[in-house]
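# Predicted coordinates and the sequence they were generated for:
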Amino acid sequence: MNKDFSWQKNIFYELTDLGKDILFSPQYQILFTFRKHGKTTTFEHVLMVAFYSLLKVEKKKIKCDKKSLVRGALLHDYYLYDWHRKGHPRLHGYRHPGFALKNAQKQFPLNNIEKQIIRRHMFPLTIVPPIRKEARIVCVQDKKCSWRETRKKNPYEKYKELIEELKRKMENPNQSENTICANEGKSI
Ligand SMILES: [Fe+2]
Ligand SMILES: [Fe+2]
């Protein structure tokens, strides 16, 4: 395994640790069932937006609230319907940040950074720009991930095993209590 991937793997585990309250909430698994772009599910999309946002912060050594960054990214598309199917709300692009915020607030306590990440992630389609550093990072990474998902056949092939491992742990949280780790070999 090359050094760069091993570093990325640790960032992925850091993300699962920072976002564990959301990831291990049973209701959150509903995102496994919705399609986002191409073959990518909404779960894979929000997870990868959180991952690339955290990767950016770690790479550039940007000082920010990493936990809010990850939590906001994980919930930014929590609108809970498949926009490919008939009958979904009209003007999805404009309205889904509001739906996502409403759903997320019902289930999780959110701070102002997390709320802004969700509410403003569709800028410039929606008019109000993200001001907080964390919200700006997620807004950019969301667009980059959407581009990857639309243009590439298997955009997250490199991280497939990590994603599948996480899904197994989310589906069987009791079995994995001691194996979710922030770094390889380190229990939390
Ligand atoms: Fe979105
Ligand atoms: Fe998104």
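In hand now; what should we look at? Ligands and ions are numbered 1, 2, ... in the order given.
# Wait, a helix at residue 126?
No. Counting by DSSP: H, G, I helix; E, B strand; the rest coil, residue 126 falls outside a helix, being coil.
# Tell me how many other residues surround it.
17 (other Cβ atoms under 10 Å). Placement of C-beta: from N, CA and C, glycine included.
# Residue 68 now?
Count around residue 68 with other Cβ under 10 Å applied: 22.
# next one: stretch 36-51 to chain centre, how far?
7 Å (Cα atoms, centre = their mean, to the nearest Å).
# actually stretch 11-30, sorry about that
Distance, centroid of stretch 11-30 to centroid of chain: 9 Å (Cα atoms, centre = their mean).
# Quick check: end-to-end length of that stretch?
Stretch 11-30 has an end-to-end distance of 24 Å (criterion: Cα to Cα, to the nearest Å).
# Same check on stretch 150-169?
28 Å.
# If you count neighbours, what's buried in that stretch?
Neighbour-count burial for stretch 150-169, counted by 16 or more other Cβ atoms under 10 Å, picks out 155-156, 159, 162-163, 166-167, 169.
# Quick check: residues of the chain near ligand 2?
For the chain, the residues in contact with ligand 2 (Cβ under 5 Å from the ion) are 77, 142.
# residues contacting residue 137?
53, 56-57, 62, 64, 69 (Cβ atoms under 8 Å, 6 or more residues apart in numbering).
# Distance to residue 145, secondary structure and neighbour count added to those residues, as TSV?
Converted to TSV, the contacts of residue 137 look like this (distance: Cβ to Cβ, whole Å; DSSP: H, G, I helix; E, B strand; the rest coil; neighbours: other Cβ atoms under 10 Å):
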residue	distance to residue 145	secondary structure	neighbour count
53	9	helix	29
56	12	helix	17
57	15	helix	20
62	18	coil	14
64	19	coil	15
69	15	helix	29
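# In CSV, list those along with pLDDT.
Formatted as CSV, these follow (pLDDT from 0 to 100):
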residue, pLDDT
53, 98
56, 97
57, 97
62, 97
64, 98
69, 98
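# Among the buried residues of stretch 150-169, which ones are in helices?
Taking DSSP state H, the ones among these that sit in helices are 162-163, 166-167, 169.
# And the helices in this structure?
For the chain, applying DSSP H gives helices covering 3-18, 20-23, 42-59, 66-75, 92-107, 112-119, 133-151, 160-171.
# Nearest to residue 127 among the ones you listed would be which one?
Of all the helices of the chain, it is helix 92-107 that lies closest to residue 127, at 9.5 Å by Cβ to Cβ.
# What are the contacting residues of the closest one?
25, 27, 75-80, 83, 89, 110, 114-115, 118-122, 125-126.
# is it true that residue 167 touches residue 32?
Yes. At 6.9 Å, residue 167 counts as touching residue 32 under the criterion of Cβ atoms under 8 Å.
# hey, what's in contact with both of the two?
residue 43.
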